[in-house]
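> Okay, predicted coordinates and the sequence, questions at the end:
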Amino acid sequence: MKDVSIILVTHKRLGHLSKLLEQVVEQFPSSEVIVVINGDASSQYDDLRKKYSFIWLEGSFETPGLARNYGLSKSQRKWLLFLDDDITLPDDFSKKAVSILERTTDKIVALGGPDQQPPNSNFFSRALSLALTSPMATAHTRLRHTKTMGSIRSGDESNLILCNLWVKKNFIVDNKILFNKNLFRNEENLLIEEILQAGGEAEYHPELSIYHYRKTRLDSLLKAVFSSGKHRIKSIIFNRKLFNFLFLIPSIWVLYILSLFFYSTVPYYLIPLKLYLSLSLFISFKICAKEALLWPLVLFYQIFLNIFYGLGVIYGLLCWPFWIFSLRK
């Protein structure tokens, strides 16, 4: 695929990176590959540098978005493919991509598909992957993680994901659209919304999926989910169209749970809790229809995601005045 520049930002994931680069060479032999090492490169990348004659860049970037912008500035091809360093590619990924690009109209500026659990994933990874498809956990963004057999959909920030994102370079360069340097997460949401507001169109292709290693360690998952909630609020500073009341529901739920310590004896005050638990049980049962043994863990992850995303949103709302003040300097 001569028209594609693959931009890959990496940070301390040498094992996953090595496997992904092998797949990139096999599936995209004629593409331009740009690897941006964010942080201390040391000597651990020397073997990979010698093995692959890619464009290797490095620096200490405050946010991943700045690292991607640096890689973007060095690219020369028509299409940009942004990949994360903790993914792997299905064997037919490039073939599907070629087929899609051949029939894509000039109006389409961005496209992508969902992420999936890697083959032979462990018990925890499979459970988390199922939880991410639950409307109770990810609401209208669940299509980012749901591989459905269906037709092409209009793309937007609710269904396109950064670890599998294709963008036309000339369009974003001409319209001066870059990844926001102030966001540590959710930066693709703002980029996609700016593309749409500039007149570009996007498509979601359910068959164009990649494999994404899940953060099953609770401390890592907690940090990622909390940060997503926080940066969802921060992103609204730059574009109010990214606001959706659905993102506030987990934070309202957390505040309700905390209030139970004071109002649990009030008549009917426990009704929302009972409804929530009943709905959580029902939905987790439903999405575990083919893997019933995963149900308890899926239920746990579903509630875990709700709580820590809600806490992230609350933290973001508390930080809002400080962010507004600091951005005006």
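Alright, I've got the coordinates.
> residues of stretch 23-38 that come out buried?
Buried residues in stretch 23-38, counted by 16 or more other C-beta atoms under 10 Å: 23-24, 27-28, 31-38. The way it works is simple: take the backbone N, C-alpha and C, and place the C-beta from them, glycine included.
> Could you point out which of the residues you listed is nearest to residue 48?
residue 35 (8.1 Å; C-beta to C-beta).
> Could you confirm that closest one falls within a strand?
Yes - counting by DSSP: H, G, I helix; E, B strand; the rest coil, residue 35 is located in a strand.
> Could you say which helix or strand holds residue 166?
Taking DSSP states H and E as the definition, residue 166 sits inside strand 164-168.
> Could you list the paired strands of that strand along with their orientation?
strand 79-84 (antiparallel), strand 108-112 (antiparallel) (DSSP bridges).
> Contacts for the first one, please.
Okay, so that is strand 79-84. Strand 79-84 is contacted from outside by 1, 3-9, 20, 24, 31, 68, 72, 97, 101, 162-169, 188, 210, 212, using C-beta atoms under 8 Å, 6 or more residues apart in numbering.
> which among those end up buried?
Buried, going by 16+ other C-beta under 10 Å: 1, 4-9, 20, 24, 31, 68, 72, 97, 101, 162-169, 188, 210, 212, out of the contacts of strand 79-84.
> Next step: those restricted to helices.
20, 24, 68, 72, 97, 101, 169, 188 (DSSP state H).
> quick one: contacts for the fourth one?
Meaning residue 72. 7, 80, 169, 172, 178.
> Does residue 157 fall in a helix, a strand, or a coil region?
Quick answer, by three-state DSSP: residue 157 is coil.
> Spatially nearest residue to it, not counting backbone neighbours?
Leaving aside its chain neighbours, residue 157 sits nearest to residue 189 (4.0 Å; criterion: C-beta to C-beta, 6 or more residues apart in numbering).
> ok, back up a step: quick one: the contacts of residue 72 as JSON lines, columns for pLDDT too.
JSON lines is the format used below for these (pLDDT from 0 to 100):
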{"residue": "7", "pLDDT": "97"}
{"residue": "80", "pLDDT": "97"}
{"residue": "169", "pLDDT": "97"}
{"residue": "172", "pLDDT": "97"}
{"residue": "178", "pLDDT": "96"}
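> Closest one of the residues you listed to residue 130?
Nearest to residue 130 among those, with distances taken as C-beta to C-beta, is residue 7, at 30.2 Å.
> Settle this for me: the closest one is touching residue 75, isn't it.
Yes - if you go by C-beta atoms under 8 Å, residue 7 and residue 75 touch, sitting 6.6 Å apart.
> anything in contact with each of the two?
residue 34.
> how close does the residue lying closest to residue 244 once chain neighbours are set aside sit to residue 23?
Leaving aside its chain neighbours, residue 244 sits nearest to residue 140 (7.5 Å; criterion: C-beta to C-beta, 6+ apart). Look at residue 140 and residue 23: by C-beta to C-beta, to the nearest Å, they are 31 Å apart.
> cool, residue 9 as well?
17 Å.
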